[in-house]
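Chemist: model the following, please.
(one chain, ligands or ions: 1)
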Amino acid sequence: MSIWPTGCFADRHVLVTGGTSGIGAAIARAFLAEGARVTATGIDGAEAARAAGAMPGLDARVLDVRDTAAVTGLVSSLPGLHHVVNCAGTIRRGAEHDPQVFADVLDINLTGTMRVCAAARSLLAQSSGSIVNTASLLSFLGGGLVPGYAASKGGVAQLTKSLAIAYAPEGIRVNAVAPGWIETPLTDALRADAGRNAAILGRTPLGRWGKPEDISGAVLFLCSPLAGFITGTVLAVDGGYLSN
Ligand code: NAD
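Modeler: Presented below is the predicted three-dimensional model:
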């Protein structure tokens, strides 16, 4: 007998930041397929329009997670909220030793995640909802070319654990996924670099790049009743990279 709680996302409202591209778009698509009402956001109108065209039923919006008023305004415009997936993120490979670039990456990846969590807290408390943040392999490993990205993702892991403690009395679970190397626009440059590509594949026991769809299952699991006793966890979905 199946233990999957069929229908558990039907008519649930889900917000996916960064849900109009890459990993976030795959997550938005998976929630839509389960009957959820999904609001997905992206940094620009063209990306949001493309996602809306590709995913019938998607409520696609523009949101810059650096803008506290915009985050608060978007969340308060939602009729209800059961699950938040913080997937908006950026990387500025090679430029992040400039403190201003470093600060901007932190502002998007880490403080942006906190802004959305803070804005969503009261709606999630009403629904006993849940949050899934997006960490990274660089939550655990350093990145010489990307000190801002690595610091932000280390921060996302610690933020996840801290909010799990803080929000638990309100019935809100807070977890994170830590994707391995996934084929998205964010990693185009790495796949185009033969040396980096070979090194990544060589250390990944499952021997391939991940697909955005490889992350959706973990996110839906963490949001589902099957994960009702899981909070504060950072789940690596990485083809075994961290084990090697
Ligand atoms: P992507 O470039 O396809 O998606 C990034 C998303 O973030 C886009 O929708 C973009 O509009 C949005 N975004 C960027 N800046 C923003 C801002 N200031 N405000 C709001 N939204 C903004 O890349 P992706 O690979 O799908 O990345 C999604 C998440 O997964 C990111 O947090 C990234 O760090 C994380 N991640 C990706 C990988 C990978 O290998 N691709 C690995 C680990 C973690």
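
Chemist: ends of stretch 123-139, what's the gap?
Modeler: By CA to CA, to the nearest Å, the extent of stretch 123-139 from end to end equals 28 Å.

Chemist: scratch that, stretch 61-75
Modeler: First-to-last residue span, stretch 61-75, CA to CA: 11 Å.

Chemist: who are the neighbours in contact with the residue minimising distance to the centre of the chain?
Modeler: By CA atoms, centre = their mean, the chain has its centre lying nearest to Cys87, at 2.6 Å. Residues counted as contacts of Cys87 (CB atoms under 8 Å, 6 or more residues apart in numbering) are Val16, Thr17, Gly18, Gly19, Gly22, Ile23, Gly24, Ile27, Thr134. Where C-beta positions appear, they are placed from N, C-alpha and C, glycine not excepted.

Chemist: how much space separates it from the ligand?
Modeler: 5 Å (CB to the nearest ligand atom, to the nearest Å).

Chemist: for Val174, see how far away that residue is.
Modeler: According to CB to CB, to the nearest Å, Cys87 stands 15 Å off from Val174.

Chemist: now Val75. Nearest residue, chain neighbours left out?
Modeler: Distances taken as CB to CB, 6 or more residues apart in numbering place Ala119 nearest to Val75, at 4.1 Å, with adjacent residues excluded.

Chemist: so the one you found is in which element?
Modeler: Using DSSP states H and E, the element containing Ala119 is helix 112-127.

Chemist: what sits against Leu81?
Modeler: Taking CB under 8 Å, 6+ apart, we find Leu81 in contact with His13, Val14, Leu15, Val75, Ala120, Leu123, Leu124, Ser127, Gly129.

Chemist: quick check, nearest of these to the ligand?
Modeler: Leu15 (12.1 Å; CB to the nearest ligand atom).

Chemist: surely Gly7 is in contact with Gly35?
Modeler: Yes - taking CB atoms under 8 Å as the definition, Gly7 is a contact partner of Gly35 at 7.0 Å.

Chemist: more neighbours: which of these two?
Modeler: Neighbour totals were compared for Gly7 and Gly35, and Gly35 leads with 14 against 10 (other CB atoms under 10 Å).

Chemist: return the per-residue confidence for that one.
Modeler: Looking at Gly35, its pLDDT reads 98.

Chemist: got the contact list for the helix or strand of the chain with the lowest mean pLDDT?
Modeler: Lowest mean confidence among the helices and strands of the chain (mean pLDDT, DSSP states H and E): helix 188-192, at a mean of 94. Outside of helix 188-192, the residues within contact range by CB under 8 Å, 6+ apart are Arg93, Trp181, Glu183, Arg196, Asn197, Ile200, Trp209.
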